[in-house]
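1. Okay, predicted coordinates and the sequence, questions at the end:
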Amino acid sequence: MTPPRTLHAVADSAAGDSRCDLHQRDIIDDALMLMRAAGTLSALEFLKSHAVDTGIITRVLLEPARRRGGAALNPA
């Protein structure tokens, strides 16, 4: 198993904070695509199965205006 890819101290100017876990970014992007195709519940279960923090899950699935950059997908 490959360890998570980490990029240290790269600021996301739009969000005002740093993204340091690119592996988690990929998981979230996949969950957003799944949400479009299969619904929010499927995306929720996917994120939980990948041990994504509950606060992040809530922000990503329920607060689309707070999503970062390219993740502004609308649910189906």
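-> Looks like it came in fine. Residues are numbered from 1 along each chain as shown.

2. For stretch 47-55, buried residues please.
-> Within stretch 47-55, the residues that count as buried by 16 or more other CB atoms under 10 Å are L47, V52. Every C-beta, even on glycine, is put in place using the N, C-alpha and C of the backbone.

3. what residues does that stretch touch?
-> Stretch 47-55 is contacted from outside by Q24, I27, I28, A31, I56, I57, V60, L61, using CB atoms under 8 Å, 6 or more residues apart in numbering.

4. From those residues, list just the buried residues.
-> Of these, these count as buried by 16+ other CB under 10 Å: Q24, I27, I28, A31, I57, V60, L61.

5. What is the nearest of those residues to T40?
-> Of all the buried ones among the contacts of stretch 47-55, L61 has the smallest distance to T40: 5.7 Å, by CB to CB.

6. Burial check on the residue nearest to R59 when sequence neighbours are not counted, number of neighbours?
-> Excluding the flanking residues, the one nearest R59 by CB to CB, 6 or more residues apart in numbering is R66, at 5.3 Å. When counting by other CB atoms under 10 Å, one arrives at 11 neighbours for R66.

7. which stretches of this structure form strands?
-> According to DSSP state E, the chain carries its strands in the segments 11-12, 17-18.

8. State the mean pLDDT of the lengthiest helix in the chain.
-> Identified as the longest helix of the chain according to DSSP state H is helix 22-38. Across helix 22-38, the average pLDDT comes to 94.
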